[in-house]
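**Q** Take this sequence and fold it.
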Amino acid sequence: MTTLPLKPFYFIRHGETDWNKRNIIMGSIDIPLNDYGIDQARRAAMIIQEEAFWHHHF
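**A** Sure thing, here's the model as predicted:
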């Protein structure tokens with residue numbers, strides 16, 4: 001049996017929006033990030049900036 005090598009897996013979602021904060025869930029409308037969500041995105045970018053990976057966007 002062949003074993004596949006273990007590789008890191010990164011799953012990154014969008015940051016917080018005002019709608020998320022109010023528990024309004026909409027998958028088909030592009031709601032802008034709030035200030036906290038922008039901060040989350042910036043911190044995520046800092047964490048992954050040194051990683052070499054390909055991405056898949058749905």
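**Q** quick one, what contacts Arg42?
**A** With contact set as CB atoms under 8 Å, 6 or more residues apart in numbering, Arg42 has no partners. No exception for glycine: its C-beta is placed from N, CA and C like everyone else's.
**Q** Name the residues of the host helix or strand of it that come out as buried.
**A** According to DSSP states H and E, Arg42 maps onto helix 35-48. Using 16 or more other CB atoms under 10 Å as the test for burial, helix 35-48 gives Gly37, Gln40, Ala41.
**Q** which among those gets closest to Ala52?
**A** The closest of those to Ala52 turns out to be Ala41 (CB to CB; 20.0 Å).
**Q** check contacts around the closest residue to that closest one other than its chain neighbours.
**A** With sequence-adjacent residues excluded and distances taken as CB to CB, 6 or more residues apart in numbering, Ala41 is closest to Gly15, at 4.6 Å. The neighbours of Gly15, taking CB under 8 Å, 6+ apart as the test, are Leu33, Asn34, Tyr36, Gly37, Ile38, Asp39, Gln40, Ala41, Ala44.
**Q** Could you export stretch 37-45 as PDB, CA atoms only?
**A** Taking Å, rounded to 0.1, in the frame of the first residue of the first chain, the C-alpha atoms of stretch 37-45 are listed here in PDB:
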ATOM      1  CA  GLY A  37     -12.100  41.600   9.900                       C
ATOM      2  CA  ILE A  38      -9.500  43.700   8.200                       C
ATOM      3  CA  ASP A  39      -7.200  43.100  11.100                       C
ATOM      4  CA  GLN A  40      -7.900  39.400  11.000                       C
ATOM      5  CA  ALA A  41      -7.000  39.400   7.200                       C
ATOM      6  CA  ARG A  42      -3.800  41.300   7.800                       C
ATOM      7  CA  ARG A  43      -2.700  38.900  10.600                       C
ATOM      8  CA  ALA A  44      -3.500  35.900   8.400                       C
ATOM      9  CA  ALA A  45      -1.400  37.400   5.600                       C
END
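**Q** Kindly provide the whole-number mean pLDDT of it.
**A** Averaging pLDDT along stretch 37-45 gives 93.
**Q** repeat for stretch 9-20
**A** Mean predicted confidence for stretch 9-20 is 85.
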